[in-house]
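> Sequence below, structure please.
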Amino acid sequence: MGRVATMAMSYNLGSNVSVLYLDPDFWSKVTSLPIPSRKDFESGGGIIWASSRCAPERTGRMAERMKLVKIDSRGACLNNAPRLPPGHESLVLPYYSQYKVVIGFEKFTDQDYITEKFFYPYLGPK
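All right, here's what the predicted structure looks like:
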């Protein structure tokens, strides 16, 4: 009987096959985007937060920030704008890409992990 090879495929850069969210030209697309001005934020479409996991610590932090700047909260927590449809990437990308800033909290910390929420504003249509 032959030997069995074990391989790991994940986001961890130490795995045999690293799988990333990025297209090969992602960084060139991102660095070519204009830097938003204060006027851009004042005209709407500035900041979005969409969470339906209303953990007291993160909801409290967002409530404090929402006193300082307009943030569209499009999840169940502190909702003040039309809710996003349930689901992930294919459903939220068109919405996230309308904003200059997306605020996202992750449930865990792991080496080399970056939440997919970081990439959503860049991946949708412009």
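> use CA for all of it now, contacts and neighbours both
Will do.
> Look through this protein and tell me its longest helix.
Secondary structure of the chain per DSSP state H: the longest helix is helix 56-68.
> Buried by neighbour count: which residues of that helix qualify?
59, 62 (16 or more other C-alpha atoms under 10 Å).
> looking only at pLDDT, what's the mean for that helix?
Helix 56-68 shows a mean pLDDT of 93.
> Centre of the chain to that helix, how far?
18 Å (C-alpha atoms, centre = their mean, to the nearest Å).
> got it, and stretch 46-57?
With C-alpha atoms, centre = their mean, you get 11 Å for stretch 46-57.
> now for it, what's the gap between its first and last residues?
Distance between the two ends of stretch 46-57: 23 Å, counting by C-alpha to C-alpha, to the nearest Å.
> ditto for stretch 105-118
Note: stretch 105-118 ends 10 Å apart using C-alpha to C-alpha.
> Enumerate the positions of it that are buried.
Under the neighbour-count rule (16+ other C-alpha under 10 Å), stretch 105-118 has residue 117 buried.
> got it, and stretch 93-106?
Buried residues in stretch 93-106 (16+ other C-alpha under 10 Å): 93, 94, 95, 96, 97, 98, 99, 100, 101, 102.
> Thanks a lot, catch you later.
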